[in-house]
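A.B. asks: what's the 3D shape of this:
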Amino acid sequence: MPTDPDTGYDPSLGRKFVFVTGGVMSGLGKGITAASTGRLLSNAGFDVTAVKVDPYLNVDAGTMNPYEHGEVYVLKDGGEVDLDLGNYERFLGTDMTFDHNVTTGKTYQHVIERERAGDYLGKTVQIIPHVTDDIKRRIREAAEGSDVCLIEIGGTVGDIESMPFLEALRQFAHEEDDEDILFTHVTLVPYSKNGEQKTKPTQHSVKELRSIGLQPDVLVGRCTDRLEPETKEKIALFCDVPTDAVFSNPDVEDIYHVPLMVEDEGLDEYVMERLGLADEALPKAERSTEWRELVTRDRDEEIDVALVGKYALEDAYMSIHEALKHAGIQTGTEVNVLWVDADETREEHEKRLASADAVVVPGGFGSRGTDGKIEAVRYARENDVPFLGLCLGFQMAVVEHARNVLGLAGAHSAEIDPDTPHPVIDLLPEQYETEDMGGTMRLGAHETDIEPGTLAAEVYGADSCTERHRHRYEVNPEYIDELEADGLTFSGRADNRMEIVERGDHPFFFGTQAHPEFRSRPDRASPPFVALVKAALGSTDTTERNADVRL
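C.D. replies: Numbering: from 1, shown residues only. Have a look, this model is predicted:
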């Protein structure tokens, strides 16, 4: 098929495609299943990329509440995307771009803009072919240059929001040879009260998928335990797939063990055989075992890290949790994350904060929880507890210093208190005229110059670093000379922007305007997180510290 002159769709881009859909309920683990499949194909020597399709009307995830959708993950090009892109980067060891996230909002916006510009030459603009061709175009362009592209379709089969995307998949199947496309469907296999694995939800989910013209090639059953042989046979019989195309994805303690689990089930071998890639794969003896060695490495040490935030769910701080885990892998340390509610620090969580070996204050927006974060910074500073401040955490460390060390009463961020007498944190100059909220912050990868001989230079082992950003406010240049007193130093700068702060009167006190957690990987842990864990391992015993804690 030639390129469509109306829609710009080129059906020749891309080589092999694996589509991952989900049924029964959301949050089953489609993303982890897709990422694990990609990890195994990468181990076998293939160049793998991934696309996340989100059927919401938002153009991107930037304006979405973490309570509803988990953290907003930031890519190197500044794309604000679904957290599953973070899993793809961590599992595949590659950097994605904003083109690897397809949303309904992004697609419809593009099609409508082209219609308004007259690009369709007076034709009636419809879901088919204009919207579906745009969806396929985005997937193929993201896949260009790779051996295999994994495409996760967000939501659940049967949702009205995902229908245009599933129709695009049906057309994909019509355009491709059988060996170039594979459909994986992830479903729930619950237990009955008598302990029987029930297949009816899977049967109904596959029936729904087949009703729109899609037949799964692989079925992955999410269950507490591995699927029993008779369960696999029943699923195969009623869903019209071979028994050896039914795989288990049981619960595991660590998501990084999922590739090991599905590898033991033979998922990678089946996928490669089905896609005609088996002869191109590296021999088993030559395939990379680095992932298995990393995630099964012994952890001889153990520490507790207090995470002081305002969202009481792990997904809101997923990349921070993972970065701490990566630092634990590198240092051989089991890192336990203690949740500390920033709204209730003084009333409810004093003991948890006091028992921690280190304190992390993460990013965020809005006034809620900022007082608790400032108190957490004060606690870490006064009690010599290793501290890491990220974005807003960096800003609150500056505010705490201004208030409690320099005596600037009422000092705050202009974002939190527009009437503060000392706006030590203020709006970026280029943000004054901004009206739209989405995609208008300082976003993506930016380079920071590091002062030699500082803690930052020791942490990064270099005179510069590149980290991803997501913020609209920063340190007010008018206060820098005043702030750099009584122990505080801005050791990392980008022109007139303050990027890294540290204290010379503290064992380990490190704040960064960036989000280093977004670049952390299991095999390449983020330097600030590694430094924090090492500092916590070398810190004073918590029992001794708690004897004279100041709260």
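A.B. asks: now do the contacts for K232.
C.D. replies: Neighbour list for K232: G221, T243, V246, S248 [criterion: CB atoms under 8 Å, 6 or more residues apart in numbering]. The C-beta positions use only the backbone N, C-alpha and C, and glycine is treated the same way.
A.B. asks: the closest residue to the second one other than its chain neighbours is in what secondary structure piece?
C.D. replies: It refers to T243. Spatially, and ignoring its direct neighbours in sequence, T243 is nearest to A236 (4.2 Å; CB to CB, 6 or more residues apart in numbering). If you go by DSSP states H and E, A236 is part of helix 229-239.
A.B. asks: what does the next helix or strand after that helix rub up against?
C.D. replies: The helix or strand immediately downstream of helix 229-239 is strand 246-250, counting by DSSP H and E. With contacts defined as CB under 8 Å, 6+ apart, strand 246-250 is touched by 29, 32-33, 186, 218-227, 232, 235-236, 258, 261-262, 265-267, 270.
A.B. asks: tell me which helix or strand comes right after strand 246-250.
C.D. replies: Downstream of strand 246-250 (by DSSP H and E), the next one is helix 258-265.
A.B. asks: now the buried members of the contacts of K232.
C.D. replies: G221, V246, S248 (16 or more other CB atoms under 10 Å).
A.B. asks: reformat those residues as CSV; add distance to E517 and pLDDT.
C.D. replies: As requested, the buried ones among the contacts of K232 are arranged in CSV below (distance: CB to CB, whole Å; pLDDT from 0 to 100):
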residue, distance to E517, pLDDT
G221, 32, 96
V246, 36, 97
S248, 31, 95
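A.B. asks: looking at the residues you listed, spot the one nearest G461.
C.D. replies: S248 (42.8 Å; CB to CB).
A.B. asks: run through the bridge partners of that closest one.
C.D. replies: Legend: beta-bridge partners of S248 under DSSP bridges are G221.
A.B. asks: distance check, it against I153.
C.D. replies: If you measure S248 against I153 using CB to CB, to the nearest Å, the figure is 21 Å.
A.B. asks: could you do K193 as well?
C.D. replies: From K193 to I153 the distance is 32 Å (CB to CB).
A.B. asks: who's more crowded, those two?
C.D. replies: I153 (26 against 5; other CB atoms under 10 Å).
A.B. asks: surely V102 touches I139?
C.D. replies: Yes: contact criterion CB atoms under 8 Å: V102 and I139 qualify, at 6.8 Å.
A.B. asks: who touches both of the two?
C.D. replies: V51, V53.
A.B. asks: tell me the pLDDT at K351?
C.D. replies: K351 is assigned 75 on the pLDDT scale.
A.B. asks: center of this protein, which residue is that?
C.D. replies: G86 (2.9 Å; CA atoms, centre = their mean).
A.B. asks: give me the neighbour count for the nearest residue to that residue once chain neighbours are set aside.
C.D. replies: The spatially closest residue to G86, leaving aside those adjacent along the chain, is Y73, at 4.2 Å (CB to CB, 6+ apart). Applying other CB under 10 Å, we find 27 residues neighbouring Y73.
A.B. asks: now distance to L455 too, for the contacts of K232, in CSV please.
C.D. replies: Output for the contacts of K232, formatted as CSV (distance: CB to CB, whole Å):
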residue, distance to L455
G221, 49
T243, 58
V246, 53
S248, 47
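A.B. asks: how close does the residue lying farthest from the centre of the chain sit to E115?
C.D. replies: Distance from the centre of the chain peaks at G122, with 41.6 Å (CA atoms, centre = their mean). Distance from G122 to E115, counting by CB to CB: 10 Å.
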